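J.: here is the input, now give the coordinates:
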Amino acid sequence: MHYRKTDHKVLIVWIYKSKAYLFVTLGVCLSSFIIGGFFINHAFTLVPLAISLVYAISVLQALREINNN
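T.: Prediction:
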C-alpha cells in the first residue's frame with residue numbers, strides 16, 4: 001500500500017523535472033523497505049533517521065536546483 005502514497009510524486013518529478021523529488025520518492029521508499037525488512041529490530045529508530053537524512057539531502061539538492069535556474 002505504500003506505493004499509493006508515493007505514486008503522485010512520480011508525476012511531480014515529471015512535471016517539474018526535478019531530481020530532488022525523484023530522490024525523495026525513491027529514497028523514502030527504498031530506505032523504509034530495506035531497513036524495515038532487514039533491520040526490523042532497529043526499524044523504529046533507523047527508519048525515521050534514514051527518512052530525515054533523505055529529506056535533508058533532497059532539500060539541499062532542491063536549493064541547488066533553484067540556484068542553478
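J.: which regions of the protein sit below the pLDDT cut-off?
T.: Applying pLDDT under 70 to the chain flags residues 1-16.
J.: max-length helix in it?
T.: Selection of the longest helix in the chain by residue count, based on DSSP state H, yields helix 43-68.
J.: in it, what's buried?
T.: In terms of neighbour count (16 or more other Cβ atoms under 10 Å), helix 43-68 has its buried residues at 46-47, 50-51, 54, 58, 61-62. Quick note: C-beta positions are derived from backbone N, CA and C, even for glycine.
J.: elements contacting it?
T.: Packed against helix 43-68, as judged by 3 or more Cβ pairs under 8 Å, 6 or more residues apart in numbering; DSSP states H and E, are the following elements: helix 19-38.
J.: report the distance from the helix it packs on to the chain centre.
T.: The chain centroid and the centroid of helix 19-38 are separated by 5 Å under Cα atoms, centre = their mean, to the nearest Å.
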